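In: Take this sequence and fold it.
(one chain, ligands or ions: 3)
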Amino acid sequence: MKTRAAVAFAEKQPLEIVEVDLEGPKAGEVLVEIKATGICHTDAYTLDGFDSEGIFPSILGHEGAGIVREVGPGVTSVAPDDHVIPLYTPECRQCKMCLSGKTNLCSAIRETQGKGLMPDRTSRFSYKGETIFHYMGCSTFSNFTVLPEIAVAKIRKDAPFKTSCYIGCGVTTGVGAVVNTADVRPGDNVVVFGLGGIGLNVIQGAKMAGAARIVGVDINPDKAEWGEKFGMTDFIDARDGSVVERIVNMLDGGADYSFDCTGNVEVMRQALECCHKGWGTSIIIGVAEAGKEIATRPFQLVTGRNWRGTAFGGAKGRTDVPKIVDWYMDGRIEIDPMITHVLELEDINKGFDLMHEGKSIRSVVVY
Ligand code: NAD
Ligand code: AHE
Ligand code: ZN
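Out: Ligands and ions are numbered 1, 2, ... in the order given. Okay, the predicted model is just below:
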């Protein structure tokens with residue numbers, strides 16, 4: 001079939017809207033009509049050439065929601081007309097990682113996914129006879145896409161696509177980092193670096209978990225008001241310097257938990273070093289540019305600070321995503337105010353501009 005898609009033909013080039021060819025689902029795969037997709041900073045990072053797994057030409061986008069239109073042979077867990085959220089972290093429930101009970105990092109299809117291919121090592125997308133690669137196993141910047149059955153979460157039908165697509169990455173990553181990875185407890189002090197599409201969800205997760213102080217740190221002062229909307233108690237403008245010292249003084253020795261939501265390795269160091277001696281834990285969410293490394297004095301760890309990381313908020317997609325959709329629909333978490341811009345596919349590049357200019361929280365493309 002033909003489908004409209006925003007194609008990344010080369011790094012650092014605007015996406016081009018074209019009609020691409022899409023092969024139907026093979027065994028264990030499903031065809032999904034994407035109804036809405038968010039634009040996450042990770043899409044921009046790959047487009048800008050910072051991703052060591054970046055591959056072009058490809059169809060980016062990994063934060064979508066849509067409807068199953070066709071299933072391949074052997075598919076049993078979803079059927080046509082089911083509403084689904086694509087999962088860049090699938091859940092096969094059979095691999096060593098899934099069976100460990102210790103991680104959400106399913107390994108069933110990770111190798112081919114990182115190469116822009118389906119599990120049979122081919123792509124379903126092409127344009128003028130040339131292969132177009134998949135992205136993070138999702139490619140939600142295409143109106144129709146093909147995914148492995150293990151990489152879709154079935155969700156309730158009354159959840160609006162325009163907002164629930166955000167659960168495909170940002171919401172789950174931020175809220176999940178708090179409740180799954182950190183396990184923040186009532187009364188804990190939390191510091192969040194980077195108040196964008198992920199950081200604001202960390203803030204609302206921390207509020208939900210009963211955190212006492214929730215300190216937001218950003219270089220964009222406009223983000224102070226945004227943080228306050230979701231439960232931030234204090235704001236630090238990082239441009240004023242001495243970030244670590246100010247946090248340690250403000251929180252009587254430092255944070256119980258800190259979260260990096262910037263992808264900047266210097267900020268990751270600040271996030272670790274602002275943690276309380278003896279127990280403070282810093283969780284890296286931000287994705288750093290290829291070649292970048294983190295550094296600190298080992299003494300920081302010797303004296304009881306912990307450095308951890310999280311992907312997709314530690315969520316097991318097929319199990320947890322439907323529950324997060326329920327939290328949204330039951331009013332336990334907010335999404336609507338964070339969707340600052342709704343765009344047509346033709347205007348998708350504007351969504352990237354708004355993100356780089358710090359003018360959006362989440363732009364969503366509706367098909
Ligand atoms: P965003 O652009 O919406 O937000 C980034 C925020 O960081 C902005 O408010 C910006 O002003 C702020 N910032 C930039 N430099 C800063 C600094 N030096 N100090 C303090 N604040 C600073 O991006 P996003 O969509 O929220 O994504 C944030 C990061 O999380 C990205 O690196 C993204 O790739 C990553 N991410 C990781 C996962 C995961 O599973 N681990 C999932 C989604 C996104
Ligand atoms: N491809 C990059 C790594 C990118 C990365 O860490 N991605 C996160 C999700 S970001 C969503 O917005 C992730 O899930 N990581 C775990 C994984 O298996 O990719 C690189 O450095 O090569
Ligand atoms: Zn993302």
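In: Ile55: neighbour count?
Out: If you count neighbours by other CB atoms under 10 Å, Ile55 ends up with 16. Every residue, glycine included, has its C-beta placed from N, CA and C.
In: how far away is it from ligand 3?
Out: In this structure, Ile55 and ligand 3 are 17 Å apart, going by CB to the ion, to the nearest Å.
In: Spatially nearest residue to that residue (excluding sequence neighbours)?
Out: Nearest residue to Ile55 in three dimensions, chain neighbours excluded: Gly116, at 4.5 Å (CB to CB, 6 or more residues apart in numbering).
In: Next: Ser77.
Out: Spatial nearest neighbour of Ser77, chain neighbours left out: Glu149 (5.8 Å); criterion: CB to CB, 6+ apart.
In: my read: Val171 touches Val202, true?
Out: No - with contact defined as CB atoms under 8 Å, Val171 does not count as touching Val202 (10.5 Å).
In: Tell me which stretches of the stretch 51-200 of the chain form strands.
Out: 63-71, 83-86, 125-127, 130-132, 144-148, 152-155, 190-193 (DSSP state E, counting those that start in this stretch).
In: highest average neighbour count across these?
Out: Here the criterion is mean neighbour count by mean count of other CB atoms under 10 Å, and of the strands of the stretch 51-200 of the chain the winner is strand 190-193, at a mean of 30.
In: I'd say Ile203 and Lys223 touch.
Out: No - here Ile203 does not reach Lys223: they are 10.4 Å apart, not a contact under CB under 8 Å.
In: which residues are in contact with both of the two?
Out: Listed contacts common to Ile203 and Lys223 are Leu195, Gly216; contacts here mean CB atoms under 8 Å, 6 or more residues apart in numbering.
In: Comparing the two, which shows the higher neighbour count?
Out: Comparing Ile203 with Lys223 by other CB under 10 Å, the one with more neighbours is Ile203, at 30 against 22.
In: What is the neighbour count of Val302?
Out: 8.
In: Same check on Arg332?
Out: Counted with other CB under 10 Å, residues neighbouring Arg332 total 12.
In: list the contacts for it?
Out: By CB under 8 Å, 6+ apart, the contact list for Arg332 reads Met208.
In: three-state assignment of it?
Out: coil (DSSP: H, G, I helix; E, B strand; the rest coil).
In: Now it. Its backbone dihedrals?
Out: With angles defined as degrees, to the nearest 10, Arg332 sits at phi -80, psi -30.
In: same check, this time on the one 4 residues further on
Out: Per-residue torsions, Asp336: phi -50, psi -50 (degrees, to the nearest 10).
In: Look up the pLDDT of it for me, please.
Out: If you check Asp336, the pLDDT there is 98.
In: for the one 3 residues further on, same thing?
Out: The per-residue pLDDT reported for Ile339 equals 98.
In: Next one: it from Gly205, what distance?
Out: According to CB to CB, to the nearest Å, Ile339 and Gly205 sit 18 Å apart.
In: neighbour count winner among these two?
Out: Between Ile339 and Gly205, counting by other CB under 10 Å, Gly205 is the more crowded of the two (30 against 19).
In: Who's the closest spatial neighbour of Arg305, skipping the chain neighbours?
Out: Closest to Arg305 by CB to CB, 6+ apart is Cys275, at 4.6 Å.
In: meant to ask about Val75
Out: Computed as CB to CB, 6+ apart, the closest residue to Val75 that is not its neighbour in sequence is Glu149, at 4.9 Å.
In: And that neighbour, how far from ligand 1?
Out: Distance from Glu149 to ligand 1, counting by CB to the nearest ligand atom, to the nearest Å: 22 Å.
In: Stretch 301-319 and ligand 2 in contact?
Out: Yes - shown here: stretch 301-319 in contact with ligand 2 (CB under 6 Å from any ligand atom) through Ala311, Phe312.
In: And ligand 3, is that stretch touching that?
Out: No - if you take CB under 5 Å from the ion as the test, stretch 301-319 misses ligand 3, and the best it gets is 8.4 Å.
In: same question for that stretch, mean pLDDT?
Out: Averaging pLDDT along stretch 301-319 gives 98.
In: all helices for the stretch 51-200 of the chain, in order.
Out: With DSSP state H, counting those that start in this stretch as the criterion, the stretch 51-200 of the chain has helices at 96-100, 110-114, 161-164, 170-176, 199-208.
In: what about the longest helix in this protein?
Out: If you go by DSSP state H, the chain has its longest helix at helix 317-329.
In: other SSEs contacting that helix?
Out: Judged by 3 or more CB pairs under 8 Å, 6 or more residues apart in numbering; DSSP states H and E, helix 317-329 is in contact with strand 83-86, strand 152-155, helix 161-164, helix 170-176.
In: what's the longest one packed up against?
Out: The reference is to helix 170-176. If you count contacts as 3+ CB pairs under 8 Å, 6+ apart, helix 170-176 packs onto helix 199-208, helix 317-329.
In: so what strands line up beside the very next helix or strand once past the longest one?
Out: Right, the one you point to is helix 317-329. Per DSSP states H and E, the first helix or strand lying C-terminal to helix 317-329 is strand 339-344. Partners of strand 339-344 in the sheet, by DSSP bridges, are strand 362-366 (parallel).
In: Now do the partner strand: distance to the chain's middle.
Out: Mean C-alpha position of strand 362-366 versus that of the full chain (CA atoms, centre = their mean, to the nearest Å) differs by 14 Å.
In: then that strand to CSV, C-alphas only?
Out: C-alpha atoms of strand 362-366 as CSV (Å, rounded to 0.1, in the frame of the first residue of the first chain):
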residue,chain,number,x,y,z
ARG,A,362,4.9,18.7,23.3
SER,A,363,3.9,19.2,19.7
VAL,A,364,1.6,16.5,18.4
VAL,A,365,0.9,15.7,14.8
VAL,A,366,-2.6,14.5,14.0
